[in-house]
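Asker: My questions concern the predicted model and sequence given below.
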Amino acid sequence: MKLAMVRVDERLVHGQVTMGWTRSVGANVIVVANDAAANDPMQKTLMQLAAPADTSLEILGLDETVKRLNSESWPDGIILLLVHDPLDLLHLVEKGLSISYVNVGGVRQAGANIKLTKEVSATEEELEAWKQLDQRGIRIDVQWLPGQSSKNLNEVLRRYK
């Protein structure tokens, strides 16, 4: 099993992921880690329809994700791990997910009034989660599509006390 990329994107499985990132990192397994998505049959069906035909899609709760990643559930898997927001990612890291880099797409939910970049806004709670991820030494880059330039979010986060 190889964890090819961890991406935070509130849209989870969508065109940029299925057409861009999955191919860019060579993923043959997409793992969506989000409690709400794992418990929503309609959302699961829509994501299944959007996933590339040659790619396995797993939609799991947060704790189940860590359990499955730690048990090497996909021995031949090249995994693209998708999480909804920094709170979900921090939960995974606190439960034992070991990462040094995360790629960020769009994270702009209702009520998120702290604008970190054009693509990323945060609530106070999300800002704190981003900062905790930064303090753990995880490099956080915002990048819409493969091949586009990225913006380092760590530098932005360090301006917030």
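Answerer: Arrived safely. Numbering: from 1, shown residues only.

Asker: Tell me where this protein has strands.
Answerer: Assignment of strands within the chain using DSSP state E yields the ranges 2-8, 29-33, 56-60, 78-83, 101-104, 114-115, 121-122, 139-142, 151-152.

Asker: Mean pLDDT and distance to Met42 for the ones you listed - can I get that in TSV?
Answerer: The way it works is simple: take the backbone N, C-alpha and C, and place the C-beta from them, glycine included. Shown next, in TSV, are those (pLDDT from 0 to 100; distance: least, Cβ to Cβ, whole Å):
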stretch	mean pLDDT	distance to Met42
strand 2-8	96	22
strand 29-33	97	14
strand 56-60	97	12
strand 78-83	97	18
strand 101-104	98	26
strand 114-115	94	30
strand 121-122	95	26
strand 139-142	98	29
strand 151-152	96	34
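
Asker: Of all the ones you listed, which one comes closest to Arg68?
Answerer: Closest to Arg68 of the strands of the chain, according to Cβ to Cβ: strand 56-60, at 6.5 Å.

Asker: Compute the inter-axis angle for the closest one and strand 29-33.
Answerer: Here strand 56-60 points in a direction 10 degrees away from that of strand 29-33 (axes from the mean of the first three to the mean of the last three Cα atoms, to 10 degrees).

Asker: before we move on, the earlier item: save the strands of the chain as a markdown table, and put in mean neighbour count and distance to Trp21 too.
Answerer: Shown next, in a markdown table, are those (neighbours: other Cβ atoms under 10 Å; distance: least, Cβ to Cβ, whole Å):
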| stretch | mean neighbour count | distance to Trp21 |
| --- | --- | --- |
| strand 2-8 | 20 | 6 |
| strand 29-33 | 24 | 9 |
| strand 56-60 | 19 | 13 |
| strand 78-83 | 24 | 6 |
| strand 101-104 | 20 | 8 |
| strand 114-115 | 12 | 24 |
| strand 121-122 | 22 | 21 |
| strand 139-142 | 18 | 13 |
| strand 151-152 | 14 | 17 |
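
Asker: what's around Asp88, how many residues?
Answerer: Asp88 has 20 neighbours, counted by other Cβ atoms under 10 Å.
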